[in-house]
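[1] no sequence for this one, just the structure:
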């Protein structure tokens, strides 16, 4: 439950970032919207640079030895550690974050392509990608709920765990 509360708090901050980003794109630099109207590759890359990369960097930096905890984890007195109980290196934090956000980025990939399709039939490969997204999401959730140490699949693969903060 602490992980979920930390997640919600962090995502409130991310939501605020997205609202600010939207306001900047609409009110200050409306020409940025053109990046999403042309090439599919340009739209995908622009979305990655504006949304995925900053959000990922937030978690990479905060969950590593550089900061130690994201704002949500700090509020809930939890932190991510490696198999030895040590704070994560930047590399391990980046690996964990990449795994954690894989379904999210696959969703972005799929949405861009589905919008581009319009009313055309959905290719089987897009349905397969959708199935992979949901499989990963359920696997992440179920492993966090039912494994002995409440580790999500991405924690198991990355060799990490979320624990109560030291000294708490």
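    Thanks, I have it. Predicted model, so just to flag it, every value in this text is computed and none were measured.
[2] can we go C-alpha only for contacts and neighbour counts from here?
    Noted.
[3] residues touching residue 156, list them.
    The contact partners of residue 156, by Cα atoms under 8 Å, 6 or more residues apart in numbering, come to none.
[4] excluding its backbone neighbours, what's nearest residue 81?
    residue 87 (4.6 Å; Cα to Cα, 6 or more residues apart in numbering).
[5] downstream neighbour of the helix or strand containing residue 126 in the secondary structure list?
    Counting by DSSP states H and E, the secondary-structure element that holds residue 126 is helix 124-146. Towards the C-terminus, the helix or strand next in line after helix 124-146, according to DSSP H and E, is helix 153-158.
[6] Name the spans of this protein whose pLDDT lies under the cut-off.
    167-168 (pLDDT under 70).
[7] make it 80
    Residues of the chain meeting the criterion pLDDT under 80: 1, 33, 35-38, 166-168.
[8] show me what contacts the most centrally placed residue in the chain?
    The chain has residue 101 as the residue nearest its centroid, 3.5 Å off, counting by Cα atoms, centre = their mean. Each residue near residue 101 by Cα under 8 Å, 6+ apart is listed here: residue 56.
[9] so how far is residue 77 from it?
    Relative to residue 77, residue 101 is positioned 22 Å away (criterion: Cα to Cα, to the nearest Å).
[10] go on, residue 71?
    Relative to residue 77, and taking Cα to Cα, residue 71 is found at 10 Å.
[11] Same check on residue 127?
    Plainly put, residue 127 is 40 Å away from residue 77 if you go by Cα to Cα.
[12] again with residue 15
    Here residue 15 is placed at a distance of 22 Å from residue 77 (Cα to Cα).
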